[in-house]
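K.L.:
any chance you can model this:
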Amino acid sequence: MTYSAAKLKLAHAIQRTIESLEAKTEKLRNKVTDILQGSEVSFTLTTKSGTRKMSLAGRRAIAAAQKLRWAKVKGIEQPAKKGRRKMSAAAKAKIAAAAKLRWKKAKAAGKNRL
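P.N.:
Now for the predicted structure:
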């Protein structure tokens, strides 16, 4: 019976994987044996720490939402949500005028973006 080169390579790769797994299994068996016999074994646990940080505002928002959920569960009246602050028409006009002036200066300088 003849086998193609591709099948032989695949068989060889599978054989190496099996041997690797057998070696790992043997190491684990030895560790278990050491533990059961009472000898000290050191394990290093890798933990992911310090990679993600939350802002203070984010933590406060989560805390406020949790308080509202607990208030709902306990039947306590929830505080009224603050409305959005509104800008006066005069303030909007002032900002628009400043933006127009800024663009006028930019275009006079030959720029097409700020």
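K.L.:
ok now the helix ranked longest in the chain, how far from the chain's centre?
P.N.:
Assignment by DSSP state H gives helix 5-37 as the longest helix of the chain. Centroid displacement of helix 5-37 relative to its chain, using Cα atoms, centre = their mean, to the nearest Å, is 34 Å.
K.L.:
can you list the buried residues in that helix?
P.N.:
Within helix 5-37, no residue qualifies as buried by neighbour count (16 or more other Cβ atoms under 10 Å). (C-beta placed from N, C-alpha, C; glycine too.)
K.L.:
what mean pLDDT does the helix or strand just after that helix have?
P.N.:
Note on helix 5-37: by DSSP states H and E, the next helix or strand toward the C-terminus is helix 56-74. The average pLDDT within helix 56-74 is 90.
K.L.:
any idea how far the residue most central in space within the chain is from residue 58?
P.N.:
The geometric centre of the chain, computed from its C-alpha atoms, lies nearest to residue 52 (Cα atoms, centre = their mean), at 6.8 Å. From residue 52 across to residue 58, the span is 11 Å (Cβ to Cβ, to the nearest Å).
K.L.:
what about residue 71, how many residues nearby?
P.N.:
Other residues near residue 71 number 13, with proximity taken as other Cβ atoms under 10 Å.
K.L.:
distance of it relative to residue 64?
P.N.:
11 Å.
K.L.:
try residue 58
P.N.:
Taking Cβ to Cβ, one finds residue 58 at 11 Å from residue 64.
K.L.:
show the average pLDDT along the longest helix of the chain.
P.N.:
Predicted confidence along helix 5-37 averages 91 (mean pLDDT).
K.L.:
just stretch 101-114 next, same as before
P.N.:
For stretch 101-114, the per-residue pLDDT averages 90.
K.L.:
before I go, just wanted to say thanks for your time.
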